[in-house]
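1. pasting the sequence and the predicted coordinates here, then a few questions.
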Amino acid sequence: MNELNHIAKASVRGGFLLFLGSISSTIIMAITSILVARLLGPENYGLYTIVMIAPTFLITLSDLGISSALTRYSAHLHVEGKNREAASLIKIGILFKLTFTLVISLFLIHVSEEIATHVLNRPGIGPLIRIASLYLIGQAVLNSVSSTFIGLDEAGKSSLLMNVQAVIKAVASLSLILLGIGVSGAVVGAGAGVVVAATSGVIILLLHTCTKLSRDSVQSEDISFHQGLKTIISYGSPLYLSALIVGLQTQVQRIILALYASNVSIGNYHTALNFTVLITVLATPIATTLFPAFSKLNMERDRDSIEKMFRLAVKYTSLIIIPASTALALLSKNIVHTLYGTQYQTAPAYLALYMLSFLHAAIGMYVIGALFNSQGDTRTTLKINLINLATSIPLAATLIPTHGVTGLITSILSSQLISTAYGLHQVHRKYRMNIEWISSLKIMIASLSSAIMVYILLKLAPLNNPIHSFVFGGTLYITSFLVFAPILRAIGQEDLENLEGLMNELPLIYPLVRYIIGIERKIIELLGKTPSNA
């Protein structure tokens, strides 16, 4: 149990550092995207989005499962004291990733005109796609570098790189657009940000971190390039195929959308997607740090600990993500019109509908993959993604021609639900583990109850200013959820003790967390009894 507590606290620390990095970089990126969208307008912003389709897909194609393998083995070997072996594996993975990404970028440059004309149905944007190859190189390498730092419990460095990327992109993109370069300036800025961050990360990782690992190791030796590459590829191949499927799925959906929807509709859709970052900034650090946390445990030796961690991870992830996504759906019109203006007319409806996808956290969407991958069962992860692909593409092809962006979002919601349900079934079948169904249901009811109350009060309140409505509605929603959660027994005394124990080593937020926990305890006391956990 002490080991589980140590792993859980390390995961929380890493997650919090990623959260801080995500928050600061997201604020910078959000401001940048708002200004870029305003300066370019809906049509050119939609064109910028279309240009980035090909490099974004090829980032996934270039990974070969290297990023996931570096996370797992850096965590696994480091906790076993095999630091020299970990350092060798990291060097092999990063250098091979850089070489392979350069080859892929040359391919993109060569076929850019064909992609523009025959795939995206936008003849003439080939030069923009060639410029975007810079983004491909930087982001692909940055992903692997960040994954390695996370596996080594050095999430602070990953957070630093996020912010380097955000600042460089902001300065470069906005400066070039203001100079009159337009869409080309936005593409160059995106590439400059990731290239600078990736270069900095590679230097720190190879020259400092790996050197320190090799010097501190006494239980392992260097491994050969062939052996290291074989280890990485054999583990990462199913995850590579999984990521490729996800990337293919997203790009096919976007291509279908580009064929049937106008640039204005696409611009509104991606404006809505920009706000999903407010939820992913919460979800991504959790999901990212759970992977190395589970990797430190072995199913045969630590099954009880893994089961407890799995159940609590699903519950506490839901406790954060579900109310946050519900609130954003409720206040979508206010926040979109406040930050982007009324010219983005359909973005609020798209945002509200898309927020439903985050409700799948209640059945383990952010935890299931980390569990399977940590135990080396990457083939099950592949099957989950194949099911997602097999359901989403036919649905997208059917719904987008008639319903446009709404049809695309509906296909995403349906495929995520089916594939996550399959993953949860496999967790039960393989490991005899399950989520706390009643807890998930109570969290959803508490979120919905708060949303209904706030919606009614906003309708009654004479607030015409969207900023005032957003602030009032957001404050009221948080307050009401903190009341409904203990009343409906979505959270109990044991949960409060667990959360306080996990957060007490985070001095920046612990005073606030302790204050909120104190409020929840008082509410529980007023109810006359302590709600039992489901």
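-> Perfect, I can see it now.

2. could you find the closest non-adjacent residue to Ala261?
-> Gly404 (5.0 Å; Cβ to Cβ, 6 or more residues apart in numbering). Bear in mind the C-beta positions are built from the backbone N, C-alpha and C, glycine included.

3. surely the one you found meets Leu259?
-> No. Using Cβ atoms under 8 Å, Gly404 makes no contact with Leu259, being 11.0 Å away.

4. between the two, which one's more packed in?
-> Gly404 (19 against 12; other Cβ atoms under 10 Å).

5. following element in sequence after whatever helix or strand that one lives in, please.
-> According to DSSP states H and E, Gly404 maps onto helix 378-431. On the C-terminal side of helix 378-431, the nearest following helix or strand under DSSP H and E is helix 437-460.

6. still on that earlier bit, show the average pLDDT along the helix holding Gly404.
-> The predicted model assigns helix 378-431 a mean pLDDT of 91.

7. off-centre distance for that helix?
-> 17 Å (Cα atoms, centre = their mean, to the nearest Å).

8. make 265 the first number, not 1, from now on.
-> Fine by me, first position is 265 from now on; the one you just mentioned is helix 642-695.

9. what helices or strands is that helix leaning on?
-> helix 489-524, helix 527-559, helix 563-594, helix 611-618, helix 632-638 (3 or more Cβ pairs under 8 Å, 6 or more residues apart in numbering; DSSP states H and E).

10. can you tell me which of these comes nearest to Arg753?
-> helix 563-594 (12.4 Å; Cβ to Cβ).

11. average pLDDT for that closest one?
-> According to the model, helix 563-594 has a mean pLDDT of 86.

12. ok, now stretch 372-389?
-> pLDDT averaged over stretch 372-389 gives 86.

13. give me the low-pLDDT residue ranges for the stretch 265-414 of the chain?
-> Residues of the stretch 265-414 of the chain meeting the criterion pLDDT under 70: 265-284, 286.

14. do a quick rundown of the strands in it.
-> Counting by DSSP state E, counting those that start in this stretch, no segments of the stretch 265-414 of the chain form strands.

15. and Lys706, which of the helices and strands packed on helix 642-695 is closest to it?
-> Closest among the helices and strands packed on helix 642-695, using Cβ to Cβ: helix 563-594, at 9.7 Å.

16. buried set for the closest one?
-> For helix 563-594, a neighbour-count test (16 or more other Cβ atoms under 10 Å) marks 563, 566, 569-571, 573-594 as buried.

17. ok, stretch 306-315 next?
-> Using 16+ other Cβ under 10 Å as the test for burial, stretch 306-315 gives Pro306, Asn308, Tyr309, Gly310, Leu311, Tyr312, Thr313, Ile314, Val315.

18. now find how far off-centre that stretch is within its chain.
-> 23 Å.

19. list the contacts of the residue nearest to Ala525.
-> Leu521, Tyr524, Ala525, Ser529 (Cβ atoms under 8 Å, 6 or more residues apart in numbering).

20. can you name the two of these that sit furthest apart?
-> Pairwise over those, using Cβ to Cβ, the maximum falls at Tyr524 and Ser529, 9.1 Å.

21. more neighbours: which of the two?
-> Ser529 (19 against 16).

22. surely that one meets Val669?
-> Yes. Ser529 is within contact range of Val669, at 5.5 Å (criterion: Cβ under 8 Å).

23. re the thing from before, would you reformat the helices and strands packed on helix 642-695 as CSV and include distance to Pro387?
-> Listed next are these as CSV, based on distance: least, Cβ to Cβ, whole Å:
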stretch, distance to Pro387
helix 489-524, 13
helix 527-559, 14
helix 563-594, 38
helix 611-618, 28
helix 632-638, 39
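
24. in contact with Leu493, which residues?
-> Ile356, Phe360.

25. pLDDT at it, what is it?
-> 85.

26. same check on Leu760?
-> For Leu760, the pLDDT comes out at 81.

27. excluding residues flanking it in the chain, which one is nearest it?
-> With Cβ to Cβ, 6+ apart, the residue lying closest to Leu760 is Ile781, at 5.0 Å.
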